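K.L.:
Pasting the sequence and the predicted model now:
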Amino acid sequence: MKHTLSVLVQDEAGVLTRIAGLFARRGFNIESLAVGPAEQLGISRITMVVSGDDGIIEQITKQLYKLINVLKVQDITQIPCVERELMLIKVSASAINRAEVIELAQVFRARVVDISEETLTLEVVGDPGKMVAIVQMLNKFGIKEIARTGKVALVRESGVNTEYLKTIAATAKVS
């Protein structure tokens, strides 16, 4: 199972290297990684997606806390969160199919950020599921390049689980 970890660290040189080294030494793969300044000066938030069962995640958490610059580790996988990712995607788009690509981009609320005679570059922001869906839809046109930021996430203070609400709405439509 994939887990999302939110890690607060002191913003000092080498912190990310030590964390990556910890994962490498234990043979764990980081599937997604996003790092940036947190709400407090001198603190950074690392959001990472890692695979493993609950026991492995518990072990990773304990190992992270042993690192000197790690302040807080939270597995936010089962906690209601706001999750976003940014993707730039360059798609083949000749004069023949350009309108269709732009129409598809509008459906996904993507923005055209660059255009040439043969390609369109789109900026897509949303949850990871949205990224997968638009890539699947754009595959038929020919994807030239993709760059993704990795997931960033914050816990919902309201406690509202939008994923749960989606399942209720889907069940209601079927009934």
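P.N.:
The structure has been received and is ready for your questions.
K.L.:
So the protein: which segments form each domain?
P.N.:
With domains defined by automatic domain parsing, the chain comprises 2-78, 82-153.
K.L.:
any chance of those in JSON lines, with mean pLDDT, mean neighbour count and distance to Gly159 too?
P.N.:
The C-beta positions use only the backbone N, C-alpha and C, and glycine is treated the same way. Shown next, in JSON lines, are the domains of the chain (pLDDT from 0 to 100; neighbours: other Cβ atoms under 10 Å; distance: least, Cβ to Cβ, whole Å):
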{"stretch": "domain 2-78", "mean pLDDT": "92", "mean neighbour count": "15", "distance to Gly159": "12"}
{"stretch": "domain 82-153", "mean pLDDT": "95", "mean neighbour count": "16", "distance to Gly159": "12"}
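K.L.:
show me what contacts the most centrally placed residue in the chain?
P.N.:
The residue lying closest to the centre of the chain (Cα atoms, centre = their mean) is Lys151, at 1.8 Å. Each residue near Lys151 by Cβ atoms under 8 Å, 6 or more residues apart in numbering is listed here: Thr4, Ser32, Ala34, Thr47, Val49, Glu83, Arg84, Glu85, Pro128.
K.L.:
10 Å instead, please
P.N.:
2, 4, 31-34, 47-49, 81, 83-86, 127-128, 131 (Cβ atoms under 10 Å, 6 or more residues apart in numbering).
K.L.:
Distance-wise, check the nearest residue in space to Ala38 that is not next to it in sequence relative to Val124.
P.N.:
Closest residue in space to Ala38, ignoring its immediate chain neighbours: Arg45 at 4.2 Å, by Cβ to Cβ, 6 or more residues apart in numbering. Applying Cβ to Cβ, to the nearest Å, the value for Arg45 to Val124 is 22 Å.
K.L.:
Where is the longest strand in the protein?
P.N.:
strand 81-92 (DSSP state E).
K.L.:
Check which helices and strands whatever helix or strand comes next after that one is in contact with.
P.N.:
Stepping forward along the backbone from strand 81-92, the first helix or strand reached (DSSP states H and E) is helix 98-107. Applying 3 or more Cβ pairs under 10 Å, 6 or more residues apart in numbering; DSSP states H and E, we find helix 98-107 packed against strand 81-92, strand 111-115, strand 119-126, helix 128-138.
K.L.:
any chance of those in JSON lines, plus distance to Val15?
P.N.:
Shown next, in JSON lines, are those (distance: least, Cβ to Cβ, whole Å):
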{"stretch": "strand 81-92", "distance to Val15": "23"}
{"stretch": "strand 111-115", "distance to Val15": "32"}
{"stretch": "strand 119-126", "distance to Val15": "27"}
{"stretch": "helix 128-138", "distance to Val15": "25"}
